[in-house]
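Q: Here is the input, now give the coordinates:
(2 chains)
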Amino acid sequence: MAAPLKQIYEIYPSAPQALLPLGVRVNDMVYAESLNAADPVTGAVSGDIKEQTSAALGKLRDLMTRAGGSLDNVGRAVGFCTTAEHRNAVDEVWMTVFPDINDKPAFKVLLAELPPGHLVRIDALALLGERRTRFDIPNVTAHDPTVRIGNWVFSSRCHGNEHATGKIVEGGVAAEAKQTLENLATLIKSAGGSEANIRQITTFGRDASYLEPARLAFEARFPDPATCPVLNQVINFVSPAMQVAMEMAAVL
Amino acid sequence: MAERFVIQEVFGNEDADPIPQGICIGNVVHASRITGVDPTTGVLAEGIDAQMAAVHQNLRQVVERAGGSIDNVAQVSFFVAQREYLQAINPQWVQLWPNDDDRPTYKFMVAPLPPGVLVQAEFFAVLGARRELIHVAGVAHTNPIPMGVKTGGMVFSSRILPFEPTTGKPPEGFAAQATVVFGNLRTFLANAGAEPRHITQARIFIADKAEMPVMRQHWDQLFAGVSPQPVMHAVTYGAGTALQAYIEIVAVLS
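A: Below you'll find the model as predicted:
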């Protein structure tokens, strides 16, 4: 049973000629899809990767303000860029907007096809009136955090780090996937929930060879198809240090 | 079961495209930027007809992957790169929804789209809920859409037209059209079992922004005693055409 729906509306840029919304608000949730550097009226896009990222994040700020909140309420964001060489630039601009490592949204940068001229796109989820709390696995460093905001928990992309050593577990995709699921369980528990709260797990690997072993690890961890989270399996950039990464979205 | 909102991204083909096509929040599915990428090849289809067909296929795929069906779709917005492309909508639309008495509503706009993208769509669907079509007697779109849809306690209108219910035609002049639009909106709300206080979003489409005070006056009358008023967007649209004012609403019955 879903919570009662009270409020639903789209959020548009301030220019009256702008036709495409920046995002949608459902109750106290705000979802931004496809924030980019395009001019809201003409559609024209220009600038290098840093300038475009800055413009897209400017739209995120504008969206949150117009929704009645601020960047403080953003729980999770995803950057999409067209080449691995741009990932660091996206992250550098991101860190200027969210400079406090203890208070930033879950985040990841993926590679995707974008329209001609577009170098970056940002999607984000926010919960109005709520603030982020960061959770970590002891001894495991995370560049992008796992956060709880309101009754939501979002991880960034987690890896198969062993708690004892902090290093990626050896043994290939299957072992890494198993350890990563263990790490997600640790994170959701530290955020005050349990694995039953996980609604969605998205896995990331470099090529199709990782799909099956990652899925088998998921099925071993969540054997009941009736209650398991939704599994999305994406083939995309993952750091050379590992074979697989996973993220979760949970509702407490 | 405890009351809680489910949130889940909805992907098209996540092997090939890591960008979600939409999101499911509670039982509301919202997808934006559905494009004419051929689901079998992963690249933009050639030409407006092929892109329009792919948009409809992708729309269907997104709502099905969210756990619903095209029966749950309430409202679709089409953005096209050129006005001529509008004629490509209806053949696909009636193929996906062949029943005249059971269709979502839509609106279309000419909008700046990225190069190569000829059409792009957004939609709202409510899972587990079935559409009920809302009409205003005497006021009909020439396109195969109802004036609005009520589903799962939510109401989505198309652009409510400035047509006189008695004649089915627009009156002369902005002030008369504004009066008719708000009159039709009141009828529409009544037919949907809704009141002005249920409106959560309204978009006013106005050919000449200088006429906004006229619309504002009707607006304030409609929402007399309602606090807070819903979010209102005023969009400059339709300059130089015979129809100078429309209004589109989303409402949540509670």
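Q: Leaving out the residues flanking it, which one is nearest to residue 204?
A: Answering for chain A, as no chain was given. Leaving aside its chain neighbours, residue A:204 sits nearest to residue A:245 (4.5 Å; criterion: CB to CB, 6 or more residues apart in numbering or on different chains). Glycine gets a C-beta too; all of them are placed from N, C-alpha and C.
Q: Actually, chain B is the one I wanted.
A: Closest to residue B:204 by CB to CB, 6+ apart is residue B:234, at 4.6 Å.
Q: mind checking the SS state of the one you found?
A: strand (DSSP: H, G, I helix; E, B strand; the rest coil).
Q: would you list every one of the strands in the stretch 101-250 of chain B?
A: B:105-110, B:119-126, B:132-134, B:148-151, B:154-157, B:199-206, B:231-236, B:245-252 (DSSP state E, counting those that start in this stretch).
Q: now for these, which one comes closest to residue B:174?
A: Closest of those to residue B:174 is strand B:245-252, at 6.6 Å (criterion: CB to CB).
Q: Report all helices and strands that the closest one contacts.
A: strand A:8-11, strand B:154-157, helix B:174-191, strand B:199-206 (3 or more CB pairs under 8 Å, 6 or more residues apart in numbering or on different chains; DSSP states H and E).
Q: And the next helix or strand past the first one?
A: This means strand A:8-11. Later in the chain than strand A:8-11, the nearest helix or strand by DSSP states H and E is strand A:23-26.
Q: before we move on, back to that, right, so the strands of the stretch 101-250 of chain B: which one is the most enclosed?
A: Per residue and on average, the most neighbours among these fall to strand B:154-157, with a mean of 27 (mean count of other CB atoms under 10 Å in any protein chain shown).
Q: Counting by contacts, list what that strand packs against.
A: Against strand B:154-157 (3+ CB pairs under 8 Å, 6+ apart) you get strand B:73-80, strand B:119-126, strand B:148-151, helix B:174-191, strand B:245-252.
Q: give me every residue that touches the closest residue to residue A:111 other than its chain neighbours.
A: Nearest residue to residue A:111, sequence neighbours excluded (CB to CB, 6+ apart): residue A:237, at 5.1 Å. By CB atoms under 8 Å, 6 or more residues apart in numbering or on different chains, the contact set of residue A:237 is A:84, A:87, A:109-111, A:204, A:206.
Q: Quick check on those residues: which are buried?
A: The neighbour-count test (16 or more other CB atoms under 10 Å in any protein chain shown) marks A:87, A:109-111, A:204, A:206 as buried among the contacts of residue A:237.
Q: quick one on the thing from earlier: wait, the residue nearest to residue B:204 touches residue A:17, no?
A: No - using CB atoms under 8 Å as the test, residue B:234 is too far from residue A:17 to be in contact (10.6 Å).
Q: Near residue 85, how many other residues are there?
A: Going with chain A. Residue A:85: 9 surrounding residues under other CB atoms under 10 Å in any protein chain shown.
Q: not what I meant, chain B
A: Should you count by other CB under 10 Å, residue B:85 turns out to have 20 residues around it.
Q: any idea whether the residue in the stretch 101-250 of chain A positioned nearest to chain B is helix, strand or coil?
A: At 2.9 Å from chain B, residue A:115 is the closest residue in the stretch 101-250 of chain A, using CB to the nearest CB. Under three-state DSSP, residue A:115 falls in the coil class.
Q: measure it to residue A:38 for me?
A: 9 Å (CB to CB, to the nearest Å).
Q: tell me which of the contacts of residue A:237 is nearest to residue A:222?
A: When the contacts of residue A:237 are compared against residue A:222 (criterion: CB to CB), the nearest one is residue A:204, at 17.8 Å.
Q: check which helix or strand covers the residue nearest to residue A:111.
A: Here residue A:237 is assigned to no helix or strand, by DSSP H and E.
Q: wait, does stretch A:205-213 contact chain B?
A: Yes - under the criterion of CB under 8 Å from any CB of the partner chain, chain B is reached by stretch A:205-213 at A:208, A:211.
Q: CA atoms only for that stretch, dumped as PDB, please.
A: C-alpha atoms of stretch A:205-213 as PDB (Å, rounded to 0.1, in the frame of the first residue of the first chain):
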ATOM      1  CA  GLY A 205      30.300  -4.600 -14.800                       C
ATOM      2  CA  ARG A 206      32.600  -4.000 -17.700                       C
ATOM      3  CA  ASP A 207      31.100  -6.500 -20.200                       C
ATOM      4  CA  ALA A 208      28.500  -9.200 -20.500                       C
ATOM      5  CA  SER A 209      30.600 -11.900 -18.800                       C
ATOM      6  CA  TYR A 210      29.900 -10.400 -15.400                       C
ATOM      7  CA  LEU A 211      26.100 -10.600 -15.800                       C
ATOM      8  CA  GLU A 212      25.500 -14.200 -14.800                       C
ATOM      9  CA  PRO A 213      27.900 -14.600 -11.900                       C
END
